[in-house]
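Asks: Model the following, please.
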Amino acid sequence: MNWEKLFAAIILQRGYDYYCEKAVELLDVNENEVHAEVIGSDEYEVTISFLNGQVAEMACSCPYAQGGKHCKHMAAVLFEWSEQSSDNESSASDQFATSINPMESQQSSTDYFEEIEELVEKADINYVRSFLKTILKEDDRWFLRFQNVLKMENDEVDLTYYSLIIEEIVAQFSGYDDFIDYNDASEFASELEDFLADDVTDLLNRGYYQEAFEIASQIFVLIGNVDIDDSDGEVGMLAEDIYQFWQRLLREANLEAKQMMFTWFVSNLDGTIVDYLEEYIERILFEAFDEPIFIQEKLIFAREKLAYINQKKNDWSREYHVGKWASHYLALLSKSDDQGSQQELARIYRTYWSNTDVRKFAIGQSLEKKDYQQALEILDESMQLDQEKRGTLAEYSRQKKAIYQLQGNQPAYLAQLWELLLKYTPGDLDVYHELKEQYSTAEWATEREKVFQQLPVSASAQVAKMYQEEGLKDRLLAYVVKYPGLDAVSCYEDELKAEYSSQLLAKYRKELEQAAAYTSNRKQYAMYVTILRRMKKLAGGSKVVDSIIETWRKDYKNRRAMMDELRKI
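Replies: Down below sits the predicted model:
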């Protein structure tokens, strides 16, 4: 399985680093799915699904993966899974290790480091000094690093050194227009990551918490402002690394250092940092800083933010920001049982009840308390208030379904399944499967007909999948013949070819002849040839293909590109 191509090179490298550090714990592995935990400065859950021997879907709880991107934690799990899979003669991790470090394929890292130790010990001190001078003259970064190490031996830290290295990394990869293009973006991110992991982490390890925070935060602000082709998500990846670095700092730092960090986070939620990076600051601000002094400061900050946003009545994003900050404020208030906090909680609910996120928070609180009746009442009211929000209605419907199931209310649970399948998520195959499980085989033969009849036309592609699963090949064929274009016939050819080869050939022929009536380019003609080759493999296909080719050679003889491609059959 060649899963490595799913990742950018730099992400693959970092996933391999996690794998080498034994940071992956496989929790559950079967032929269809891997569920694992990756442990770094935080713990992230990773789930990877397989279909027909290939990776079908991946999910991770880290911030970087929330936008659907493939993260280093996923790669780490796949390296570990590859290592433990008995059907791999040579694991992906072994192959990757060899590709990134050929030297290690010939000798162990222990032997390699021992050789370095031996070389340095044997070398003449004057030669070592001369060699060091040469290196430091040729490389400004090594000079600054060496200079700062000597200062740190005297308990001094010069942050100018770190700022100069950051500036040098930016200058190294920026073009004449101060833009970092796609070809350099990955290496740029790798340099900053190495700097963070080596130099800045060294500060943290030595106990220079405030200094380490200042430099890490400088990098964070930089990546939000640098002009870069971020097609492979390097900025988000770096932001996640810094977020994890911040988490470690907050676990180890004293209260004085934490106070400085808290002040920085609050002051940088003023709109000056790009919005998707602000989310990292918000997250750490409200998930960490659990000391009483910070809880009180966060309450004040969230209340002021909410009041400020509430005044911006003409701002198109007001509803979103009100919901976000009201939810932060409510979460803080809900942690306190004192009468004042509970009164304020009730006031915020009354004031902002029309906001979807506020009601979602109230639903979550009811579910936490297992007050299912209250949750259902809020859900019913919310479905009326949010009628125009299709995705939100589907979320409410799923929550109602789950509550009815927890309550053992089978009739209501079943009714909600039907409503979810037919109205809120038309044709959702997972819901379809869940509904099917509620009936006996004999009952389902009748009930599935109601599904097929009542689903809207917009769900026809999902209905075709249902036909396939139910073995209703005649209906599947009717869908394929009716569906315009070649997508459906190509998709279900293997399912239908044994019994319906002549109908498939007729569909292929009709679509190809319609397409060929219009002049196209060589790439399109090459695609026609590919389809003709597939048609020849069907029963009776050779005769049909020969007929099509004969017709095209006569009707389109002046299309040289088409004639060239047809000769390849």
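Asks: Only the buried residues of the longest helix along the chain, if you could.
Replies: Ranked by number of residues, the top helix in the chain under DSSP state H is helix 487-516. By 16 or more other C-beta atoms under 10 Å, the buried positions in helix 487-516 come out as 488-489, 492-493, 495-497, 500-501, 503-505, 507-509, 511-512, 516. To be clear about C-beta, it is placed using only N, CA and C from the backbone, and glycine gets the same treatment.
Asks: residues in contact with the residue nearest to Ala9 when sequence neighbours are not counted?
Replies: Distance criterion C-beta to C-beta, 6 or more residues apart in numbering; nearest residue to Ala9, sequence neighbours excluded, is Ser186 at 6.0 Å. Contacts were defined as C-beta atoms under 8 Å, 6 or more residues apart in numbering; by that measure Ser186 touches 8-10, 232, 234.
Asks: So how do I select the buried members of those in ChimeraX?
Replies: Provided next is the ChimeraX selection string for whichever of the contacts of Ser186 are buried by 16+ other C-beta under 10 Å:
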select :8,10,232,234
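Asks: so which pair among the contacts of Ser186 is furthest apart in space?
Replies: Farthest pair in the contacts of Ser186 (C-beta to C-beta) is Ala9 and Glu234. Separation: 10.8 Å.
Asks: what's the biggest strand by length in the chain in contact with?
Replies: Counting residues, the longest strand found in the chain (DSSP state E) is strand 43-51. Residues from elsewhere that reach strand 43-51 (C-beta under 8 Å, 6+ apart): 31-38, 55-62, 73-74, 76-78, 81.
Asks: Buried ones from these, can you make that a ChimeraX selection?
Replies: Buried residues among the contacts of strand 43-51 (16+ other C-beta under 10 Å), as a ChimeraX selection:
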select :34,35,36,37,38,55,58,60,61,62,73,74,76,77,78,81
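Asks: Return the subset of the contacts of strand 43-51 lying in helices.
Replies: Per DSSP H, the subset of the contacts of strand 43-51 in helices is 73-74, 76-78, 81.
Asks: circling back to that earlier point, confirm that the residue nearest to Ala9 sits in a strand.
Replies: No: under DSSP: H, G, I helix; E, B strand; the rest coil, Ser186 sits outside any strand and is assigned helix.
Asks: Among the contacts of Ser186, which one lies nearest to Val358?
Replies: Closest approach to Val358 among the contacts of Ser186 (C-beta to C-beta): Glu234, at 35.8 Å.
Asks: What are the neighbouring residues in contact with that closest one?
Replies: 8, 10, 185-186, 188-189, 228.
Asks: swap the cut-off to 10 Å and go again
Replies: Residues in contact with Glu234 (C-beta atoms under 10 Å, 6 or more residues apart in numbering) are 8, 10-11, 180, 182, 185-190, 192-193, 223, 226, 228.
Asks: now those residues: which count as buried?
Replies: Buried members of the contacts of Glu234, counted by 16+ other C-beta under 10 Å: 8, 10-11, 180, 185-190, 192-193, 223, 226, 228.
Asks: Helices - which of these land there?
Replies: Going by DSSP H, the helices hold 10-11, 185-190, 192-193, 223 from those.
Asks: Do you have the helices of the stretch 51-200 of the chain handy? List them.
Replies: In the stretch 51-200 of the chain, the helices defined using DSSP state H, counting those that start in this stretch lie at 72-84, 92-100, 109-122, 125-138, 140-153, 159-173, 182-195.
Asks: Give me whichever of these is most buried.
Replies: Counting by mean count of other C-beta atoms under 10 Å, helix 72-84 has the highest mean neighbour count of these, with a mean of 25.
Asks: Now do that one: distance to the chain's middle.
Replies: Offset of helix 72-84 from its chain centre (C-alpha atoms, centre = their mean, to the nearest Å): 16 Å.
Asks: What is it packed up against?
Replies: In this structure, helix 72-84 packs against helix 9-20, strand 24-29, strand 33-39, strand 43-51, strand 54-60, helix 92-100, helix 234-252, with contacts taken as 3 or more C-beta pairs under 10 Å, 6 or more residues apart in numbering; DSSP states H and E.
Asks: can you rerun that using 8 Å?
Replies: Helix 72-84 sits against helix 9-20, strand 24-29, strand 33-39, strand 43-51, strand 54-60, helix 92-100, with contacts defined as 3 or more C-beta pairs under 8 Å, 6 or more residues apart in numbering; DSSP states H and E.
Asks: what mean pLDDT does the shortest one have?
Replies: Averaged over strand 24-29, pLDDT sits at 92.
Asks: can you give me the angle that strand makes with strand 33-39?
Replies: Using axes from the mean of the first three to the mean of the last three C-alpha atoms, to 10 degrees, one finds that strand 24-29 and strand 33-39 are set 150 degrees apart in direction.
Asks: ok, Thr425 - how many residues close by?
Replies: 22 (other C-beta atoms under 10 Å).
Asks: Glu388 too?
Replies: Neighbours of Glu388 (other C-beta under 10 Å): 7.
Asks: same check, this time on Val451
Replies: Here the number of neighbours of Val451 (other C-beta under 10 Å) works out to 20.
Asks: all numbers from here: first residue = 26
Replies: Yes, from this point I'll number from 26; that puts the last item at Val476.
Asks: Would you agree it is in contact with Glu494?
Replies: No: between Val476 and Glu494 there is no contact under C-beta atoms under 8 Å: 11.8 Å.
Asks: After the helix or strand encompassing Leu431, which helix or strand is next? Please name it.
Replies: Here Leu431, judged by DSSP states H and E, is contained in helix 415-432. Sequence order places helix 435-444 as the next helix or strand after helix 415-432, per DSSP H and E.
Asks: got a list of contacts for that following helix?
Replies: Against helix 435-444 from outside (C-beta under 8 Å, 6+ apart): 422, 425-426, 429-430, 456, 459-460, 463.
Asks: Recalculate using a threshold of 6 Å.
Replies: 425-426, 429-430, 460, 463 (C-beta atoms under 6 Å, 6 or more residues apart in numbering).
Asks: And the residues you listed, which is closest to Lys593?
Replies: Using C-beta to C-beta, those come closest to Lys593 at Leu460, 48.6 Å.
Asks: Give the closest residue to the closest one in space, chain neighbours not counted.
Replies: Closest to Leu460 by C-beta to C-beta, 6+ apart is Leu442, at 4.8 Å.
Asks: Tell me how many other residues surround Ala313.
Replies: Neighbours of Ala313 (other C-beta under 10 Å): 18.
Asks: Repeat that for Lys475.
Replies: 11.
Asks: Show me the domain layout of the protein.
Replies: The record's domain parsing of the chain by automatic domain parsing lists 29-127, 165-314, 496-591.
Asks: Spell out the secondary structure type for Trp341.
Replies: Trp341 - assigned by three-state DSSP - is coil.
Asks: Point out where the stretch 26-175 of the chain drops to low pLDDT.
Replies: Along the stretch 26-175 of the chain, segments meeting pLDDT under 70 span 26, 65-66, 92, 111-138, 165-166, 169, 173-174.
Asks: wait, I meant the stretch 226-375 of the chain
Replies: Residue ranges of the stretch 226-375 of the chain with pLDDT under 70: 338-340.
Asks: again, only this time at 80
Replies: Residues of the stretch 226-375 of the chain that meet the criterion pLDDT under 80 lie in 337-341.
Asks: Do a quick rundown of the strands in it.
Replies: According to DSSP state E, counting those that start in this stretch, the stretch 226-375 of the chain carries its strands in the segments 252-253.
Asks: Helices of that one, start to end?
Replies: 226-230, 234-250, 259-277, 280-292, 300-312, 317-336, 343-358, 364-377.
Asks: Ok, which of those helices comes nearest Ser567?
Replies: helix 259-277 (51.5 Å).
Asks: Would you verify that Glu474 is located in a helix?
Replies: Yes: secondary structure assignment places Glu474 in a helix (three-state DSSP).
Asks: All set now, cheers.
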